[in-house]
Every structure is written in C-alpha cells, then in structure tokens.
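*Asks:* okay, sequence plus prediction incoming.
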Amino acid sequence: MTTSLERLSLELPPRTPVPRRLLKHPRLMHYNRLAALVLTANLVFLYASWTPSTRTMGHAALANLALAILIRQQYVINLLFRLATSPPTSWPLKVRWTLGKVYHFGGLHVGGALAGAGWFLAGTISTTDGPLRAVGWTLMSLLTVIIATALPPFRSRHHDHFEKIHRFGGWTALALFWTHTLLAAPGPVEITVLTVVTFSVALPWLRLRKVDVHLERPSPHVALARFDHGETPFAGSSTAISRSPLKEWHSFANVPAPGEPGFRLTISRAGDWTGGFIDDLPKRVWVKGITTAGVANIETLFEKVVYVATGSGIGPCLPHLLAAEVPSRLVWATRDPRATYGDALVDEILAVQPHAVVWDTSRDGKPDMVRLAYAAYRDFGAEAVICISNKKLTWQVVHGLEQRGIPAYGAIWDS
C-alpha cells in the first residue's frame, strides 16, 4: 500500500478566472441549469401563447409531468448515458467535459415537475366544471406535498419519509391525473401519453422478485453480498434491493467479475437499514427494476481517468477497475482497509491497481483529498477525475478541481 506525505505538500494549480469559475459553482451546476432551461422554455411558451386556453394548460401540464416521470425511467437513463458517452476521445476535451455531466439529467425531472404543477394549478383555477375542480384541487394539494417534501432540507433529514411520500403519493397522483383526464373528455394524444407514463412507472415493479443472496461480513462495518440469479449486470450499473419492498429501497453499485456470472454489492454501515442488514445477514432479499448506469460510466469519454474513493465508495469504482476498459489510477482513503474489507478484496484491488494510492486513515489521519486527487491526475496524465465519496467530500473534490480547470465528476444526491 502507498501513502505519500509528499503528495499533501503539492501546490495546487491556480483557480481559473472569476467568470469561468462562477460557472463551476455548485449553484450553477448542470443540474440546476437543466431545471432552469425547462422553466425558461415554459415561460417562452406562455409568452408565445399569451392567454392559453384551459385545454392548452392541461396539455402543457401533461407534457411537463410526463417529462418529469420518463426522464427517471431506467431504460431512458441508460439511453442517455449511451448517447452521451458515444463520441470518441478525439473530440475536444471541452465538449467531452460537458457530455460527462449527463448524470445531471435530474434537473429535467425537477424542471418538469415544477412547470407541470404550475400549469396544472393555472388550469384548475380557470376550470368552471365542478367535478374537474374537485379532482384538480385534490391533485394539486397532493403535488404540493410531493414537491415540498422533495426539497433538499426535508429530503436530506427525512429520506425514508421522502421516499414513501414520493412513491405512494406519486401513484395516487397518477390515478388522480387519469381521473381528471377522463373527466375532461380526452383525445388520443392524452390517453397515449398517460398510458406510456403509467407503463413506465409500473415497469420496474413488474420485475420485482425475491432472490437468494450469499453474504460475507469481513468486519462489523461491511457486508459483501453475492448474487447469482441469472443476471450479470454491466459494469458501472446499480441494483436496488429491499427487505420490505413497499417500505424502502437502497441502490448499490454492481460489481461483476470479468468472465464470471452474477455480481457483488459492497454494503457499508451507513444508517439503520444498512446496519440491520450487516448485523442480520439475510439469506434472501427483494430486487426490482432495471440495472441502471451510474456516474462512473462517463469514463469512456476520456483517455485516462483517476478514481477517488473513500470507504465503501470503492464499490462503484471496483467494476471499472476490474474491467479496465479505460486506463485508470485509484486513490482510496479508508480506515484500516484490510481489517475493514478483508484481505481478499484489497488484494483483488491491488492486483489490477498496483500503483494505487491507498491511504489508511486510521494510521495516517484524514488527508487533503483534493491534493491527493490532483497529484494522481498530474502524475498519471489523466484527463478527468471521478470521485465516489460522501456528499461533502465529493463536492469538495469535484468543485475544488473544476474551479482549477480539471474535469471532475461525482454523485449529486438528487434521488
């Protein structure tokens, strides 16, 4: 294992000029830009139509809410990643840098949901039909609750409640939307769009099943889950698992081994659910949905990448390191890696990453991850950095590097 104090004394490159640096501020990230783009497009449409009819408002509401739902559909997400990562590495770095932000597609979900609710509110206010108004105000109240509880202050503190409200509230809202649409004497377009949206919502649940899982517990902090139920997901995808399918779901990065069936998940103790999972070691769990592309899939846009991980963040990095589709260098900071994750996993990592920087935080303390990342980026001659860590550190690394002109990527916790 390698720990080099010299890397921490490395001088970082200067920040880019203020105008360019402002575009890298978290509040101006691509997620928020996409949300603003959807809202702006709706304002332009409102200006162009000037005094839209109630039916036009209904169509606008349906279009925006369909966007909000369909952009979260797993097949759509996988398609977006496939399109965004299809250009060759010969394209200009600035273009590939922007394409790598494809995982910010959630901004379209937010913009569509807000605009759709706004159009529906306007349409409900202008409706004179009694039954339509009753259903409309009921649905509008439910949409308000769903949107309010999806805001970061509530979602981050009460994520389990947010998840249940979003799920059950969303199903109820869809049923009310059907009721409202049928009362309004819909045409074939409305029926078709609602049918597609309903199928999109139902599809992951149509693939619900309970499967066997083999669990290893190298330490009280981690469980390594092995699945072999006839599916071998692609590297960089994720699988949602649950012990109570109507209550809560948790997604983890799939770690398929090249040439072997099945896959693994690395589950780290990070709350009541994961803690109970590690302590109980259940023999069967529920899985649903379609394996979905994750942020690290953007690696193919670059000739070389640096992976920065802390703790169990090694899980989403591992399938890419094993597949070795793109030359990469690993920087991993974790507490006593062998005692926590077991010799077998650490040896497997070092076998494919012999030059990895593995920082033992129990021995050397917490490092400056921005400096470690930059040192690896410079020494390896990489084009981009992908960080898998907790929210605070991910944003610290991503924005710390991007403000210095280095393409960097990491989860944005929008679900």
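*Replies:* Everything's here; your move.

*Asks:* for the record, mean pLDDT for stretch 153-166?
*Replies:* The average pLDDT within stretch 153-166 is 87.

*Asks:* span of that stretch from start to end?
*Replies:* Using C-alpha to C-alpha, to the nearest Å, the end-to-end distance of stretch 153-166 comes out at 15 Å.

*Asks:* list the buried ones in that stretch?
*Replies:* Arg155, Phe162, Glu163, Ile165 (16 or more other C-beta atoms under 10 Å). To be clear about C-beta, it is placed using only N, CA and C from the backbone, and glycine gets the same treatment.

*Asks:* just the closest of those residues to Cys387, please.
*Replies:* Cys387 has its nearest neighbour among those in Arg155, at 21.5 Å by C-beta to C-beta.

*Asks:* surely that closest one and Phe162 touch.
*Replies:* Yes. Using C-beta atoms under 8 Å, Arg155 is in contact with Phe162, at 4.5 Å.

*Asks:* intersection of neighbour lists for those two?
*Replies:* Both Arg155 and Phe162 are contacted by Thr149, under the criterion C-beta atoms under 8 Å, 6 or more residues apart in numbering.

*Asks:* rewinding a little: can you add secondary structure and distance to Arg133 and give the buried residues of stretch 153-166 back as JSON lines?
*Replies:* Formatted as JSON lines, these follow (DSSP: H, G, I helix; E, B strand; the rest coil; distance: C-beta to C-beta, whole Å):
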{"residue": "Arg155", "secondary structure": "helix", "distance to Arg133": "31"}
{"residue": "Phe162", "secondary structure": "helix", "distance to Arg133": "29"}
{"residue": "Glu163", "secondary structure": "helix", "distance to Arg133": "31"}
{"residue": "Ile165", "secondary structure": "helix", "distance to Arg133": "24"}
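
*Asks:* check those and tell me the two furthest apart.
*Replies:* Within these, two members stand farthest from each other by C-beta to C-beta: Arg155 and Ile165, at 9.8 Å.

*Asks:* okay, and Leu108 sits in which element?
*Replies:* helix 106-126 (DSSP states H and E).

*Asks:* after that helix, next one along is what?
*Replies:* Following helix 106-126 toward the C-terminus (DSSP H and E): helix 130-150.

*Asks:* elements contacting that following helix?
*Replies:* helix 106-126, helix 159-183 (3 or more C-beta pairs under 8 Å, 6 or more residues apart in numbering; DSSP states H and E).

*Asks:* how about it as PDB, C-alpha atoms only?
*Replies:* C-alpha atoms of helix 130-150 as PDB (Å, rounded to 0.1, in the frame of the first residue of the first chain):
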ATOM      1  CA  GLY A 130     -67.400  21.200 -10.600                       C
ATOM      2  CA  PRO A 131     -66.100  17.600 -10.700                       C
ATOM      3  CA  LEU A 132     -63.000  18.700 -12.600                       C
ATOM      4  CA  ARG A 133     -62.300  21.400 -10.000                       C
ATOM      5  CA  ALA A 134     -62.700  18.900  -7.100                       C
ATOM      6  CA  VAL A 135     -60.300  16.400  -8.600                       C
ATOM      7  CA  GLY A 136     -58.000  19.200  -9.700                       C
ATOM      8  CA  TRP A 137     -57.600  20.800  -6.300                       C
ATOM      9  CA  THR A 138     -57.200  17.300  -4.700                       C
ATOM     10  CA  LEU A 139     -54.400  16.500  -7.100                       C
ATOM     11  CA  MET A 140     -52.900  20.000  -6.700                       C
ATOM     12  CA  SER A 141     -52.700  19.600  -2.900                       C
ATOM     13  CA  LEU A 142     -51.000  16.200  -3.400                       C
ATOM     14  CA  LEU A 143     -48.500  17.600  -5.900                       C
ATOM     15  CA  THR A 144     -47.700  20.400  -3.400                       C
ATOM     16  CA  VAL A 145     -46.900  17.900  -0.700                       C
ATOM     17  CA  ILE A 146     -44.800  15.800  -3.000                       C
ATOM     18  CA  ILE A 147     -42.800  18.800  -4.200                       C
ATOM     19  CA  ALA A 148     -42.400  20.300  -0.700                       C
ATOM     20  CA  THR A 149     -41.100  17.000   0.800                       C
ATOM     21  CA  ALA A 150     -38.700  16.600  -2.200                       C
END
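
*Asks:* relative to helix 106-126, how tilted is that helix?
*Replies:* 150 degrees (axes from the mean of the first three to the mean of the last three C-alpha atoms, to 10 degrees).

*Asks:* got the contact list for helix 130-150?
*Replies:* With contacts defined as C-beta under 8 Å, 6+ apart, helix 130-150 is touched by 113-114, 117, 120-121, 123-124, 127, 154-155, 158, 161-162, 165-166, 169-170, 172-173, 176-177, 179-180, 183-184.

*Asks:* please produce a ChimeraX select command covering the buried subset of those.
*Replies:* Selection of buried members from the contacts of helix 130-150 for ChimeraX, criterion 16+ other C-beta under 10 Å:
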select :113,114,117,120,121,123,124,127,155,162,165,169,170,173,176,177,179,180,184
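
*Asks:* Thr54 against Asp129, yeah?
*Replies:* No. Assessed by C-beta under 8 Å, Thr54 is found out of contact with Asp129, at 9.3 Å.

*Asks:* for the buried residues of stretch 153-166, give me a markdown table that also has distance to His109.
*Replies:* Compiled in a markdown table, the buried residues of stretch 153-166 are given as follows (distance: C-beta to C-beta, whole Å):
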| residue | distance to His109 |
| --- | --- |
| Arg155 | 13 |
| Phe162 | 14 |
| Glu163 | 15 |
| Ile165 | 16 |
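
*Asks:* and which of those residues is nearest Ile388?
*Replies:* Relative to Ile388, the closest of the buried residues of stretch 153-166 is Arg155; by C-beta to C-beta it sits at 20.5 Å.

*Asks:* which residue ranges form the strands in the stretch 301-415 of the chain?
*Replies:* Applying DSSP state E, counting those that start in this stretch to the stretch 301-415 of the chain gives strands spanning 305-310, 328-334, 357-360, 384-388, 408-410.

*Asks:* can you give me the neighbour number for Asn232?
*Replies:* In this structure residue 232 is Thr, not Asn. Thr232 has 16 neighbouring residues, counting by other C-beta atoms under 10 Å.

*Asks:* list the contacts of the worst-scoring helix or strand of the chain on mean pLDDT.
*Replies:* Across the helices and strands of the chain, mean confidence by mean pLDDT, DSSP states H and E is lowest for helix 18-22: a mean of 82. Outside of helix 18-22, the residues within contact range by C-beta under 8 Å, 6+ apart are Arg15, Leu28, Gln403, Gly405.

*Asks:* brilliant, that's me finished.
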